[in-house]
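# sequence and predicted structure are below.
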Amino acid sequence: MSINKDLNRREFLQGAIAGAVLTGVPSALIAAADMAEMQSVLAQVPKLHNQTVQALQDWIALPSIAAENRNYPQGPEYMAKLATDAGFTNVEIVPTSGKPGVFGVIDAGAPNSVGIYFMYDVKQFDPGEWSSPPLEARLVDKPGLGKVIVGRGAVNQKGPETAFLGALQAFKAAGTRPPVNLVLVCEGEEEIGSPHFGEVVRQPKVTEALKKALGVFMPSASQDRDGGVQIDLGAKGVVELELVSSGEKWGRGPKNDIHSSLEATVDSPTWHLVQALNTLIGPDGHTPAVTGFFDKVKPLTPAQLQMIKDVAAKRSETNMKQILGVSHWYGDKSFYDALVQLESQPTINIEGLVAGYTGPGGKTVLPHRAVAKMDMRLVPDMTAQGTLQLLKDYLAKKGFGDIEVNMSGGYDPNQTDPNTKLIQAQVATYKKLGLDPLLWPRSAGSWPGYIFTSAPLSLPAGHFGLGHGSGAHAPNEYYVIESSNPRVAGIDGAVASFVQYLYALAWKDVTATQR
């Protein structure tokens, strides 16, 4: 297809999307002048298509990876430049005890303010596992989806974030300001559990700016492969940690790797760790056995259970199993019961086990040190620090007090009321785009939204954005640029959705119950 035909198709689709969002909007919600202004902004989106795509490719080429200390300070400096180019003023790099954050504002002189959460870091990657180089951000034809960008960070989160910045570029190109004031807070350690993000938000000028906001949202690609949209009303918390068993700390076993024949007469720190791990779960090999682990778990409400029932009725269990590569849910539960478990249960997970020699062939050693990489997912009303202490106390009680428990990052769960304006504006925007969004109690994954939903800010928080992508944290991560499915937005549709959402946040009567 020629470039001109591509552009014409994009302009047609963009016009259709714009029409959908405006059709049926009560005139009381948006003045004629605002409607004309929105149309003017939306008209810029397809014109900026190549610029937006190139911006995403350029950003993917510069990966900031906190776990590897890669591209710091280049990462925050680049993020600050992107924010400035998009129209944020007084942009500054905020030092922390770890990697820096970035802060900026757009004062549009509007009655409402909204916070925007960005992360500029990405997960590690092994290029050998990818079919397309992870930093080249190549445009690839993906059957059933269309043209996608493949690269580390494509969907988590640089694609959606680039689309949001593209929306701000569209406002600039139209010669107008956003309909709401914006407060940008950005971190570079999300992928290691956000250990220092609180230091960014607690800066007095950042806190004061956020206190004026009606809520905070993170740009996302919220559509599934079929175009469906789910609105998460919270997220599980997380504790990322490692358990370390060593001869030095244990006082038994070797202090250095020794010949494996000596297993007959010397204790093994590796088996010691395995035994400790085995105490953390019950006889079913799945349910956490740590004393007190479930004491603060808040049961799902009838309204949340109804949300799960609605999703179970509309989502394909077969497709979900196929995507995950599984044949059974734990305990051979029904789809509904498995989803209830997903939403209501805290977990203890082994991410990886490392001890001794793991290369080709054998090395016949008795390792002096063994490490288990772990994470624990938390639900309301659990806390990261409280759960960590439960784990430490339990290991000590079971005779494994010598095992080191090193928390590398993590935070509490978060929850937002669906009646807040932040969420109701999402529902309204999606519906005007012809979509039927499903409310979901909370994401089983985690993000540091607790910093916004907890005191002293106590703000609603969530995610928003059209578009689709997948492969976060995995090889061949992708983000859809030109969609072959008319129900799934490409990058222009994602950009347009952010324009429309900002206008919805500016409307006075989106919901009867506003913060």
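Done, it's in.

# please make it C-alpha for all contacts and neighbour counts, starting now.
OK.

# flag the shaky bits of the protein, pLDDT-wise.
Within the chain, the ranges that satisfy pLDDT under 70 run 1-33, 508-515.

# which of the three states applies to the residue positioned nearest the centre of it?
Most central in the chain under Cα atoms, centre = their mean is W447, positioned 5.5 Å from the mean C-alpha point. At W447 the chain is in coil, as set by DSSP: H, G, I helix; E, B strand; the rest coil.

# how long is stretch 40-50 from one end to the other?
19 Å (Cα to Cα, to the nearest Å).

# quick one, phi psi at E404?
Backbone torsions for E404, taken as degrees, to the nearest 10, come to phi -70, psi 140.

# related to what we said a few turns ago, doesn't V239 make contact with the residue nearest to the centre of the chain?
No - with contact defined as Cα atoms under 8 Å, W447 does not reach V239; the gap is 11.4 Å.

# how far does stretch 305-320 sit from the chain's center?
Taking the mean of its C-alpha atoms, stretch 305-320 sits 21 Å from the chain's own mean (Cα atoms, centre = their mean, to the nearest Å).

# again, but for stretch 445-460
Centre-to-centre, stretch 445-460 and its host chain are 14 Å apart (Cα atoms, centre = their mean).

# what lies in contact with it?
For stretch 445-460, contacts defined as Cα atoms under 8 Å, 6 or more residues apart in numbering pick out 190, 193-194, 198, 201, 207, 210-211, 213-216, 234-238, 411-417, 420, 422, 461-462.

# so which of those are in helices?
Among these, DSSP state H puts 198, 201, 207, 210-211, 422 in helices.

# ok so, going back, for the residue nearest to the centre of the chain, grab phi and psi.
The phi and psi values for W447, taken as degrees, to the nearest 10, are phi -150, psi 160.

# ok, and the most crowded of the ones in helices among the contacts of stretch 445-460?
L422 (29 neighbours; other Cα atoms under 10 Å).

# neighbours of P360, how many?
Taking other Cα under 10 Å as the neighbour definition, P360 ends up with a count of 6.

# same question for S454.
When neighbours are counted by other Cα under 10 Å, S454 registers 15.

# then L324?
9.

# for T318, see how far away it is.
Distance from L324 to T318, by Cα to Cα: 10 Å.

# V183 reaches G104, doesn't it?
Yes - at 6.1 Å, V183 and G104 qualify as touching, with contact defined as Cα under 8 Å.

# now K314. Its backbone dihedrals?
As for K314, its main-chain torsions (degrees, to the nearest 10) stand at phi -110, psi -20.

# how about K363?
phi -130, psi -10.

# tell me the contacts of it?
Contacts were defined as Cα under 8 Å, 6+ apart; by that measure K363 touches Y357.

# all helices for the stretch 1-150 of the chain, in order.
3-22, 32-44, 49-60, 74-85 (DSSP state H, counting those that start in this stretch).

# any idea how far the last one is from the chain center?
To tie it back to what came earlier, the one meant is helix 74-85. Centroid separation between helix 74-85 and its chain, computed with Cα atoms, centre = their mean, is 20 Å.

# check stretch 348-365 too.
Centroid separation for stretch 348-365 versus its chain: 30 Å, with Cα atoms, centre = their mean.

# can I get it in CSV? Just the C-alpha atoms.
Provided in CSV are the C-alpha atoms of stretch 348-365 (Å, rounded to 0.1, in the frame of the first residue of the first chain):
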residue,chain,number,x,y,z
ILE,A,348,4.1,-16.1,46.9
ASN,A,349,5.9,-16.8,43.7
ILE,A,350,9.4,-18.2,42.8
GLU,A,351,10.7,-16.2,39.9
GLY,A,352,14.0,-18.0,39.6
LEU,A,353,16.5,-20.3,41.4
VAL,A,354,20.2,-20.0,41.1
ALA,A,355,22.9,-22.1,42.8
GLY,A,356,26.4,-23.3,41.8
TYR,A,357,27.1,-24.2,38.2
THR,A,358,24.4,-23.9,35.5
GLY,A,359,26.5,-24.0,32.4
PRO,A,360,27.0,-26.8,29.8
GLY,A,361,27.7,-30.3,31.2
GLY,A,362,28.3,-30.9,34.9
LYS,A,363,30.8,-29.4,37.4
THR,A,364,30.3,-31.7,40.4
VAL,A,365,30.4,-28.9,43.0
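
# tell me the buried residues in that stretch?
Burial within stretch 348-365, assessed by neighbour count using 16 or more other Cα atoms under 10 Å, is assigned to 348-349, 355-356, 365.

# tell me how far D492 lies from S484.
Per Cα to Cα, D492 is found 13 Å from S484.

# tally of neighbours for the closest residue in space to I403 that isn't next to it in sequence?
Excluding its sequence neighbours, the residue lying closest to I403 (Cα to Cα, 6 or more residues apart in numbering) is S245, at 5.0 Å. Residues lying near S245 (other Cα under 10 Å) number 27.

# again with S64
So S64, with other Cα under 10 Å, has 26 neighbours.

# who's in contact with E317?
By Cα under 8 Å, 6+ apart, the contact set of E317 is F335.

# nope, A506 is what I meant
111-112, 179-180.

# buried members of those into PyMOL, please.
A single PyMOL command selects the buried members of the contacts of A506 (16+ other Cα under 10 Å):
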select buried, resi 112+179+180
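
# just the ones in strands from the contacts of A506, please.
Judged by DSSP state E, the subset of the contacts of A506 located in strands is empty.

# as a markdown table, the contacts of A506 with distance to A472 would be great.
Shown next, in a markdown table, are these (distance: Cα to Cα, whole Å):
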| residue | distance to A472 |
| --- | --- |
| P111 | 36 |
| N112 | 33 |
| P179 | 32 |
| V180 | 31 |
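
# closest to Y120 out of the contacts of A506?
V180 (23.4 Å; Cα to Cα).

# touching, that closest one and P111? I think so.
Yes - with contacts counted by Cα under 8 Å, V180 reaches P111, the gap being 7.0 Å.

# just the strands from the stretch 101-250 of the chain, written as ranges.
Per DSSP state E, counting those that start in this stretch, the stretch 101-250 of the chain carries strands over the ranges 101-106, 113-119, 138-142, 146-150, 181-187, 213-219, 230-232, 234-235, 237-246.
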